[in-house]
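Novice: with the sequence up front, the predicted model follows.
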Protein chains: 2
Amino acid sequence: MSNRLEPATRHYDETLQKILKISARIFAEKGYHHTSVRDISRATRKSLAGLYYYFTTKEELLYLIQERCFLTLLQRWEQAASAHKDVHARIRAFAENHLSFFLHNMHEMKVMAHEDESLSGEFQDKILVLKRRYVKVLMDLLGELQEKEGGKRVDLRVATFALFGAMNWIYTWYQPRRDLPFSQLIEQMLRLYFFGLINGAKVDKHWLTSTDRAKGDDSFSIW
Amino acid sequence: MSNRLEPATRHYDETLQKILKISARIFAEKGYHHTSVRDISRATRKSLAGLYYYFTTKEELLYLIQERCFLTLLQRWEQAASAHKDVHARIRAFAENHLSFFLHNMHEMKVMAHEDESLSGEFQDKILVLKRRYVKVLMDLLGELQEKEGGKRVDLRVATFALFGAMNWIYTWYQPRRDLPFSQLIEQMLRLYFFGLINGAKVDKHWLTSTDRAKGDDSFSIW
């Protein structure tokens, strides 16, 4: 038996959290393939032996970062969802959860987008299961909305991935000092998505009003 | 003086075109950093000396791929734009040009998205100039549309990058056998973007009708 902590416990280990946070930053800056465990050791001020207590390979480290992102997104979504019954409000809550997560964890966002295919074997399979579960949440919500609205519908895969694309692309352009503050960014994205460029800005705030989480809640780091 | 061809001429060299096309595929499959010039040599069946006639470093090769993508996008946009005066039609033409380019050049799309930051120095600067020029085309068009529509407006940077994000994300999910055929994908994306999820499917075809280029024109490879 190894003396390494099991996943469920590991996630609550503060040292591991710190290692994952720093590693995500370095992967985002240098790229996963250009980063060595020695770089992680230097940045975290942990010995190699100390690091290998938490993971056995660099790939496992990347896996742990991605796993943590998806688990956090799913857990926070479940918390947020329980407060809303209306499908509009639930979709807004999903988008807010996704955007606020990534805006507060830009390095992780970049690592998830860039290193999507750097995992292999069991690591890859496990992340794929989480990712499919996460995508299905939004796809089901959008399906439910279209069902409710009736009439012709936009293809559900196009609708789902267009929203993920619009949100996930943010890491490539968003500049906090230049662009809209976070809460307005979310509102504008949702207006655009639900009502389109032509009518988006004219629609009544109604269910576009941000929840508390989106109102400048800066504590939504996963770490 | 080197005997290497100058850029303007190089672009019309068939051998270079073939090298760029094969290299884009290998970069997309293995990742830029995991690819060696030796891999390119093997796949193109060219000697290293033969390859170095066209580029001096792997980075220059990546630069040539990206430069060619942006130049092709811009040239084809200018051709398409000259056929339309109405701003709606021009935006549709821009989106069609962008999507059809990338759907027919998925490897290049992936390389552009993934290796965005793999260039440095002068290569990086030159691509940035092209990219800004390209982004500005869409931003100006969207600004013109909003000006025309009047009233409140969606933030122009959000509007611009949300559309690029929705379109550029396609390489991560689109499966030709499973998803909508190309011309319908474009139409649905545009409906969603202009009229939103809630009204998008209900809007009259009007200016959403695809132009000839989008109607299953499979010849839109850059090579």
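Specialist: Ah, there it is. In this text, all values refer to a predicted model and were calculated from it rather than measured experimentally.

Novice: from here on, contacts and neighbour counts on C-alpha atoms
Specialist: Will do.

Novice: residues from chain A in reach of chain B?
Specialist: Counting by Cα under 8 Å from any Cα of the partner chain, the residues of chain A close to chain B are A:33, A:114, A:146, A:149, A:151-155, A:157-159, A:161-170, A:173, A:179, A:185, A:188-189, A:192-202.

Novice: buried subset of those?
Specialist: A:114, A:146, A:153-155, A:157-159, A:161-170, A:185, A:188-189, A:192-201 (16 or more other Cα atoms under 10 Å in any protein chain shown).

Novice: now, which of these lie within helices?
Specialist: A:114, A:146, A:157-159, A:161-168, A:185, A:188-189, A:192-199 (DSSP state H).

Novice: using CSV, list the CA coordinates for stretch A:125-136.
Specialist: Output of stretch A:125-136 as CSV, limited to C-alpha atoms (Å, rounded to 0.1, in the frame of the first residue of the first chain):
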residue,chain,number,x,y,z
ASP,A,125,-11.0,8.6,-19.5
LYS,A,126,-11.8,9.9,-16.1
ILE,A,127,-11.7,13.5,-17.2
LEU,A,128,-13.9,12.7,-20.2
VAL,A,129,-16.5,11.2,-17.9
LEU,A,130,-16.6,14.4,-15.8
LYS,A,131,-16.6,16.6,-18.9
ARG,A,132,-19.5,14.7,-20.5
ARG,A,133,-21.4,15.0,-17.2
TYR,A,134,-20.8,18.7,-17.1
VAL,A,135,-21.7,19.3,-20.8
LYS,A,136,-24.9,17.3,-20.3
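
Novice: okay, buried residues for that stretch please.
Specialist: Here stretch A:125-136 shows A:Ile127, A:Leu130, A:Lys131, A:Tyr134 as buried, counting by 16+ other Cα under 10 Å.

Novice: so how far is it from its chain's centroid?
Specialist: 12 Å (Cα atoms, centre = their mean, to the nearest Å).

Novice: what about the closest residue in space to A:Leu64 that isn't next to it in sequence, which helix or strand?
Specialist: In space, not counting the residues next to it along the chain, A:Leu64 is nearest to A:Leu20; the distance is 7.5 Å by Cα to Cα, 6 or more residues apart in numbering or on different chains. Here A:Leu20, judged by DSSP states H and E, is contained in helix A:14-30.

Novice: got the contact list for that helix?
Specialist: A:10-11, A:32, A:34-35, A:40, A:43-44, A:54, A:61-62, A:64-65, A:107-108, A:110-111, A:223 (Cα atoms under 8 Å, 6 or more residues apart in numbering or on different chains).

Novice: list the ones among those that fall in helices.
Specialist: A:Arg10, A:Ile40, A:Ala43, A:Thr44, A:Leu61, A:Leu62, A:Leu64, A:Ile65, A:His107, A:Glu108, A:Lys110, A:Val111.

Novice: re the thing from before, how much space between the residue nearest to A:Leu64 and A:Thr44?
Specialist: 10 Å (Cα to Cα, to the nearest Å).

Novice: give me the more crowded residue out of the two.
Specialist: A:Leu20 (23 against 17; other Cα atoms under 10 Å in any protein chain shown).

Novice: quick one: low-confidence ranges for chain A?
Specialist: A:1-12, A:200-223 (pLDDT under 70).

Novice: and the buried residues of stretch A:125-136, which of them are in helices?
Specialist: Per DSSP H, the buried residues of stretch A:125-136 map to helices at A:Ile127, A:Leu130, A:Lys131, A:Tyr134.

Novice: so how far is A:Tyr63 from A:Glu122?
Specialist: From A:Glu122 to A:Tyr63 the distance is 10 Å (Cα to Cα).

Novice: more neighbours, these two?
Specialist: Taking neighbours as other Cα under 10 Å, A:Glu122 and A:Tyr63 compare with A:Tyr63 leading, 23 against 10.

Novice: name the nearest residue to that one, sequence neighbours excluded.
Specialist: Closest to A:Tyr63 by Cα to Cα, 6+ apart is A:Phe123, at 6.1 Å.
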